[in-house]
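fold the following for me, if possible:
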Amino acid sequence: MGIIFASLMMFVNAIENYKQALEIFRAIGDRREQANILSLMGNVYLLMKQIKSDIECEEQSRIIYHEIGDRSSEAKQLDNMGATFIAIGQADRAVEYEKQALTISHEIGDRYREAKALGGMGTAYLVLGQAKSSIDCLEKALKIFQEIGERDQEASILENIATYYIIHGRKARAIEPCEQARIIYREIGRRDKEARVLKSIGDIYYGINQLSKAIEVTKEAVLIIDEIGEAPGADDIREQLNNLQKRAAKKWWLY
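Predicted coordinates:
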């Protein structure tokens with residue numbers, strides 16, 4: 001029920017339901033389910049922006065996974081905590097957690113988790129301004145995801161690599177990984193994400209003074225949104241096209 005409440009954005013109800021479940025699993029001594037419930041509670045607290053409660057739940061969950069010897073779940077929880085610390089602007093702490101996740105994942109041969117940790121480290125290093133460490137981690141993550149056939153994750157890392165180039169003033173270089181990500185999302189049927197990447201490409205083209213190209217690709221994004229119905233960021237995509245077309249009209253009028 002907690003998952004249902006969370007999916008309906010009924011966060012308080014979800015937390016109450018999870019607390020009841022947690023008490024039951026504590027009473028019967030099921031430590032794995034305790035860890036699972038704590039992890040889910042952490043996710044909900046994060047959505048509620050109750051960061052302290054989120055971290056407390058995630059840490060309790062991690063400790064239990066460690067104590068029962070579930071190293072794969074421990075690595076997953078460490079990666080989740082890394083993502084949380086990135087989200088709240090504590091990238092240095094994120095690196096610490098991702099390094100632990102990476103070590104465990106490598107030791108148990110979990111390549112997916114290894115790549116996830118590398119991706120998290122790459123993002124954290126990017127926030128910290130450590131360019132070489134960032135791109136090294138991201139490229140290693142990309143290689144692993146390509147090798148194990150995780151195409152959605154591959155595309156996500158490509159987006160992060162594009163962000164790396166944008167931040168470091170190489171906007172034109174960012175178009176290629178964005179295009180690669182767009183193609184992957186289209187091939188795996190994630191057209192909502194394809195539209196999102198097209199919006200990013202439109203931003204890049206506008207940033208390098210190619211207004212007509214920016215309008216062209218943003219129109220593609222709007223067409224996708226119109227085809228699939230509403231999707232996350234749909235209003236932003238439409239607004240971007242509207243703004244670009246206004247700029248183009250103003251430019252034409254000035255001439």
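
helices of the stretch 1-150 of the chain, start to end?
Taking DSSP state H, counting those that start in this stretch, the helices of the stretch 1-150 of the chain run over residues 2-7, 11-28, 31-47, 51-67, 71-87, 91-108, 111-128, 131-148.

so what secondary structure elements neighbour the fifth one?
Looking back up the chat, that one is helix 71-87. If you count contacts as 3 or more Cβ pairs under 8 Å, 6 or more residues apart in numbering; DSSP states H and E, helix 71-87 packs onto helix 31-47, helix 51-67, helix 91-108, helix 111-128. C-betas here are computed from N, CA, C, even on glycine.

would you turn those into a markdown table with mean pLDDT and mean neighbour count?
Listed next are the helices and strands packed on helix 71-87 as a markdown table, based on pLDDT from 0 to 100; neighbours: other Cβ atoms under 10 Å:
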| stretch | mean pLDDT | mean neighbour count |
| --- | --- | --- |
| helix 31-47 | 94 | 21 |
| helix 51-67 | 95 | 18 |
| helix 91-108 | 97 | 20 |
| helix 111-128 | 97 | 24 |
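
got the end-to-end distance for stretch 43-55?
9 Å (Cα to Cα, to the nearest Å).

roughly how far out does it sit from the chain middle?
17 Å (Cα atoms, centre = their mean, to the nearest Å).

what are the contacting residues of that stretch?
Contact partners of stretch 43-55, identified using Cβ atoms under 8 Å, 6 or more residues apart in numbering, comprise 2, 6, 11, 14-15, 18, 41-42, 57, 81, 84, 87-88.

try 7 Å this time
6, 11, 14, 15, 42, 57, 84, 88 (Cβ atoms under 7 Å, 6 or more residues apart in numbering).

cool, and stretch 68-75?
31, 32, 35, 62, 65, 66, 101, 104, 105, 108, 110, 113.

out of those residues, which comes closest to residue 180?
Distance to residue 180 across the contacts of stretch 68-75 (Cβ to Cβ) is lowest for residue 113, with 23.4 Å.

list the buried residues of the lengthiest helix in the chain.
If each helix of the chain is counted by residues according to DSSP state H, the longest one is helix 234-254. Buried residues in helix 234-254, counted by 16 or more other Cβ atoms under 10 Å: 234, 237, 238, 240, 241, 244.

pLDDT on the helix or strand hosting residue 203, on average?
Here residue 203, judged by DSSP states H and E, is contained in helix 191-207. Per-residue pLDDT over helix 191-207 has a mean of 95.

now find how far off-centre it is within its chain.
Distance, centroid of helix 191-207 to centroid of chain: 16 Å (Cα atoms, centre = their mean).

that helix to helix 234-254, inter-axis angle?
In terms of direction (axes from the mean of the first three to the mean of the last three Cα atoms, to 10 degrees), helix 191-207 departs from helix 234-254 by 30 degrees.

list the helices and strands helix 191-207 packs on?
Contacts defined by 3 or more Cβ pairs under 7 Å, 6 or more residues apart in numbering; DSSP states H and E place helix 191-207 against helix 151-167, helix 171-187, helix 211-228, helix 234-254.
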